[in-house]
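Just need the structure, nothing else, for what follows:
(4 chains)
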There are 2 protein chains.
Amino acid sequence: MLPKVLIAASVKPIMLAILAQDGESYGYEIIQRIHNLSDGKIQWTAGTLYPVLHRLETEGLVESMWRKPDGGRRRKYYRLTTQGEAAMSTEKQQWMDVNAVLVRLWGPDLALR
Amino acid sequence: MLPKVLIAASVKPIMLAILAQDGESYGYEIIQRIHNLSDGKIQWTAGTLYPVLHRLETEGLVESMWRKPDGGRRRKYYRLTTQGEAAMSTEKQQWMDVNAVLVRLWGPDLALR
DNA sequence: TCCTATATATTGAGGCGCGATATATCGCTC
DNA sequence: GAGCGATATATCGCGCCTCAATATATAGGA
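Numbers count the residues shown, from 1 in each chain, chains lettered A, B, ... in the order given. Here you go, the predicted structure:
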């Protein structure tokens, strides 16, 4: 079980990175995607995910459209905006800045193991 | 300026790692240490640091002792407990789990650049 | 018909950073 | 010996965040 604060810090960069890689996706699929990507270590719930998606949309980083597939119920697909791509770069840089400090403290050799 | 949530997620592992590496230190020094370690990118304030130190002490991860150096005013020195060392390992593993997901999404090749 | 999986949405409780503020002392300069 | 900046610790409260719980709806299979 990961600490809340670590979930909080990683949810935005991970969400943006998933949409950047997958092109577009919807809530339920994203939950499963991150579950697989992390070997089950990260388990977002609906109560975590949807508020984040709505926040990203309010901030203009993602846009959404409803779609109804043949069979199965309607889904709300999300896609990165141009602003969202820029935001991902920023988030990535910030994460790596902090990560660099931790790697330095834990020992630079560990980065290669 | 780093996002609050990223500060929140990193403050505990960084604090534990600093004390693990330095043996012991005190609030004011830790603030300068992290400033230098991060090339000025991470700037903790007293309002961030002291509550965290107190929390770590309540959790039994650090222990403290007042000391009065020759010249200069008294300082409260902090040191990791055995529990604190174990907590650092856990925090480290959790951070690396999340970092692994991000590296995977951003592209594994980036890890070498 | 009923159950399970799929799918989105909201609320409220609890947790946390950090700017602002308070308090105190050292060492230097005028 | 007054004044000041650097050193040093401490607390409060605003605002933001997660996430369990809850609500709603539908597809497909038993």
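
What residues does chain A have near DNA strand C?
A:4-5, A:26-29, A:46-47, A:50-51, A:53-54, A:69, A:72-73, A:75-76 (Cβ under 7 Å from any atom of the strand). The way it works is simple: take the backbone N, C-alpha and C, and place the C-beta from them, glycine included.

Which ones among those map onto helices?
A:4-5, A:27-29, A:46-47, A:50-51, A:53-54 (DSSP state H).

I'd like to know which of these are buried.
A:5, A:27, A:53 (16 or more other Cβ atoms under 10 Å in any protein chain shown).

Do you have the strands of chain A handy? List them.
A:24-26, A:62-67, A:75-80 (DSSP state E).

Could you list which residues are in contact with the residue of chain A found nearest DNA strand C?
At 2.8 Å from DNA strand C, A:Gly27 is the closest residue in chain A, using Cβ to the nearest atom of the strand. A:Gly27 sits next to A:46, A:49-50, A:53, A:75-76, A:78 when contact means Cβ atoms under 8 Å, 6 or more residues apart in numbering or on different chains.

and which of those residues is nearest DNA strand D?
Ranked by distance to DNA strand D (Cβ to the nearest atom of the strand), the contacts of A:Gly27 are led by A:Ala46 at 5.3 Å.

residue contacts, the closest one?
With the criterion set at Cβ under 8 Å, 6+ apart, A:Ala46 makes contact with A:27, A:31.

Would you mind listing what in chain A touches DNA strand D?
Going by Cβ under 7 Å from any atom of the strand, the residues of chain A near DNA strand D are A:2, A:4, A:7-8, A:11-12, A:44-48, A:51-52, A:55, A:71-73.

out of everything not next to it in sequence, what's closest to A:Arg33?
For A:Arg33, ignoring the flanking residues on the chain, the nearest one in space by Cβ to Cβ, 6 or more residues apart in numbering or on different chains is A:Ile18 at 5.9 Å.

you'd agree that neighbour is up against A:His35?
No. Counting by Cβ atoms under 8 Å, A:Ile18 stays clear of A:His35, with 11.6 Å between them.

Neighbour count for the two, which is higher?
A:Ile18 (19 against 14; other Cβ atoms under 10 Å in any protein chain shown).

Mind pulling up the pLDDT for that one?
You'll see A:Ile18 listed with a pLDDT of 95.

and it, what does it touch?
Per Cβ under 8 Å, 6+ apart, neighbours of A:Ile18: A:25, A:30, A:33-34, A:37, B:105.

change it to 7 Å
A:25, A:30, A:33-34, B:105 (Cβ atoms under 7 Å, 6 or more residues apart in numbering or on different chains).

What spatial separation is found between it and A:Arg75?
15 Å (Cβ to Cβ, to the nearest Å).

same check, this time on A:Leu102
With distances taken as Cβ to Cβ, A:Leu102 is found 38 Å from A:Arg75.
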